[in-house]
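Peer 1: give the three-dimensional model of this entry:
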Amino acid sequence: MLWLFYPVALMMLFFAHTVILSNHPIRSVLSLIGCFLCATILWLLLDAEFLALALIFVYIGAVMTLFLFMVMMLNIDHYAEQDKLSTIWIITTPFVTLNLPILSILPYINPSLWQKIDFFAVLPSLGAQYNNVVSLGEVLYTKYVWPFEIVSMILLTAIMIAVGLVSRPSKGSKKQVIADQLTVKKSDRITLVPNRKTQP
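Peer 2: Numbers count the residues shown, from 1 in each chain. Purely as a prediction, here's the structure:
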């Protein structure tokens with residue numbers, strides 16, 4: 001299954017460049033979703049099923065949906081002209097990010113190494129007894145329990161702030177204001193109507 005790694009990795013690089021080079025915010029968000037899907041496939045090839053499923057359900061299913069919701073709520077369908085990337089940047093950025101790492105390590109690579117690479121080889125398996133969830137849980141809840149709890153509290157705080165920013169009452173909707181209820185007077189809320197008896 002090693003042959004599947006290379007096209008998926010190239011697709012991931014394509015989506016990653018589209019995220020930063022696109023002049024359309026919704027295209028950037030959708031490209032980031034595609035980048036996450038490629039990362040999910042790569043994790044499945046490495047027998048990291050739990051991380052792959054967490055990436056799908058948490059990031060693609062929740063976080064990216066929130067990103068799309070925020071972009072649509074702000075009604076940003078395109079960037080301003082002064083914020084758009086020029087054609088020179090769009091051409092130069094992929095060239096630099098793809099070729100510079102290769103050129104930097106090329107002098108240290110043995111030419112005979114390329115002849116030994118088998119593109120159709122099978123990735124090493126961790127065995128039938130390996131459980132990705134158990135291994136990850138043992139490390140996460142023993143060695144990194146306090147960083148895990150701190151990150152959880154930070155994310156919870158961010159969610160509460162996001163909900164507070166989004167929950168704005170629409171025009172004409174009724175809202176309970178505690179301060180107005182405490183300062184209200186009887187004359188402001190009660191109107192006395194004289195008792196008028198109708199004649200038969």
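Peer 1: C-alpha from now on. contacts and neighbour counts both.
Peer 2: OK.
Peer 1: quick one: the strand or helix carrying Gly164 to chain centroid distance?
Peer 2: Using DSSP states H and E, Gly164 sits in helix 145-166. Computed by Cα atoms, centre = their mean, to the nearest Å, the chain-centroid distance of helix 145-166 equals 15 Å.
Peer 1: that one: which residues count as buried?
Peer 2: Of the residues in helix 145-166, none count as buried by neighbour count, 16 or more other Cα atoms under 10 Å.
Peer 1: next secondary structure element downstream of that helix?
Peer 2: Defined by DSSP H and E, the subsequent element after helix 145-166 is helix 178-182.
Peer 1: can you list the low-confidence ranges for this protein?
Peer 2: Along the chain, the model assigns pLDDT under 70 to residues 1, 75-83, 107-128, 166-176, 192, 195-200.
Peer 1: for it, which segments are assigned as helices?
Peer 2: Taking DSSP state H as the test, the helices found in the chain are 2-21, 25-45, 49-54, 64-74, 87-105, 111-116, 132-140, 145-166, 178-182, 186-189.
Peer 1: return the most buried member of these.
Peer 2: helix 25-45 (a mean of 20; mean count of other Cα atoms under 10 Å).
Peer 1: surely Thr18 and Ser31 touch.
Peer 2: Yes: contact status for Thr18 versus Ser31: in contact at 6.2 Å, counting by Cα atoms under 8 Å.
Peer 1: can you pull the contacts of Thr157?
Peer 2: Counting by Cα atoms under 8 Å, 6 or more residues apart in numbering, Thr157 makes contact with nothing.
Peer 1: can you check Leu182 too?
Peer 2: Applying Cα under 8 Å, 6+ apart to Leu182 gives no contacts.
Peer 1: for Leu106, see how far away Leu100 is.
Peer 2: Leu100 sits 10 Å away from Leu106, going by Cα to Cα, to the nearest Å.
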